[in-house]
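Novice: got a sequence here, can you build the structure:
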Amino acid sequence: MRLYLLPFTVALASTTTSAFAPTFIKTSSRTTTAAAILATPLLLSPKFTPIRASSTSSHSYGSMTNTSLQSTSVGSGDNNTSPENNATCSDANDNNEPTTAMMVDKEYPGTAVLRMMAVRARVAELAAGDDLNGAWEDVRRKILWAGGLKDLPNARPGQGYTGHSFNDYNHVDLTTMNDQVSNNTNNGQVEGIAFGNRLGAGIRIASLPELGAGGSWSTCAMGCNKNPPQDVAHLQFRSRIAFKLVWVPNESYDTFVLVDDDGKLLARGTPSDGPGGLPPLRERQLNYRIMAGSKYSKEADKIASNV
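Specialist: Below you'll find the model as predicted:
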């Protein structure tokens, strides 16, 4: 069975780096196939090394699936590295099962890269319209949707509760992590975060499955102003962020930006019921303060300086 990689352009140029390497995995998920199409520019790049992987076991977690992989690297001399073979890739197994491509981040291997790209595609969809300028709670629900998270304001903390997501200064990193790291704990490597910080169950409950393999969560941003970032996403989960919400330090802190892992602008919004309908002013001010001076504050600083 061949996977035909179709040309597809997304506004995600920051992800087309040599940090990612493609892996070909067996799957029957249509949503993962769609995410693979988003990654076509990455797969066609000669900077990446193809790796073939076959599924050895699958464990269901509600609507999500955790697949253990057994991978074999293809040597640099293999013809699969040619542009032709990158364009149409055959499955190596005899079962004629469909394959899709999964990108592996060399620096942050816990990243669910295709899910991250699908999240950013949803953010681009919101940014193209007026969706981020409505009432704050409506805007927040749309941000959750873009990030692949359910709106679960009545769930118990630790069991999928997302009422705090993007509603305080700290839980503003939309992290897409693969299933193999979703149970990772904080063993003291992230300063200021509770020891343990067990998020796996909540991730599995709250993550929307249609964005592909892995899960989503609004992780704590504390420590992101260091270089490299020393926050929950990058240390506990060894994952990049799909986006981060940063409040703009204008007079009323009534505008926010969504930036990617490199600090590049993805979207901005000014909720119509601000500042009264927004998270408390102190939370918005602290949010900017923990980003100040880092790559993540630059776009917010630009907007503030032009006001």
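
Novice: quick one: low-confidence parts of the stretch 201-307 of the chain?
Specialist: Applying pLDDT under 70 to the stretch 201-307 of the chain picks out residues 307.

Novice: who's in contact with stretch 151-160?
Specialist: Outside stretch 151-160, the residues that touch it by Cβ atoms under 8 Å, 6 or more residues apart in numbering are 141, 144-145, 150, 161-163, 198-199, 201-202, 205-206. The C-beta positions use only the backbone N, C-alpha and C, and glycine is treated the same way.

Novice: return the member of those nearest to Ser182.
Specialist: Each of the contacts of stretch 151-160 was scored against Ser182 by Cβ to Cβ, and Leu199 proved nearest at 7.3 Å.

Novice: contact partners for that closest one?
Specialist: Under the criterion of Cβ under 8 Å, 6+ apart, the neighbours of Leu199 are 158, 182, 217, 219.

Novice: would you show me how to pick out the buried ones of these in PyMOL?
Specialist: A single PyMOL command selects the buried members of these (16 or more other Cβ atoms under 10 Å):
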select buried, resi 182+217+219
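
Novice: returning to what we had before: so can I have TSV of the contacts of stretch 151-160 showing distance to Gly129 and secondary structure?
Specialist: Converted to TSV, the contacts of stretch 151-160 look like this (distance: Cβ to Cβ, whole Å; DSSP: H, G, I helix; E, B strand; the rest coil):
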residue	distance to Gly129	secondary structure
Arg141	15	helix
Leu144	17	helix
Trp145	13	helix
Lys150	22	coil
Tyr161	28	coil
Thr162	23	coil
Gly163	25	coil
Arg198	37	coil
Leu199	31	coil
Ala201	34	helix
Gly202	30	helix
Ile205	29	helix
Ala206	25	helix
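
Novice: return the member of those nearest to Tyr296.
Specialist: Leu144 (19.9 Å).

Novice: surely the closest one meets Tyr161?
Specialist: No: Leu144 is beyond contact range of Tyr161, at 11.9 Å (criterion: Cβ atoms under 8 Å).

Novice: pick out whichever of the two has more residues nearby.
Specialist: Neighbours were counted for Leu144 and for Tyr161 using other Cβ atoms under 10 Å; Leu144 has more, 21 against 16.

Novice: that one - nearest residue in space that isn't next to it in sequence?
Specialist: Asp151 (5.3 Å; Cβ to Cβ, 6 or more residues apart in numbering).
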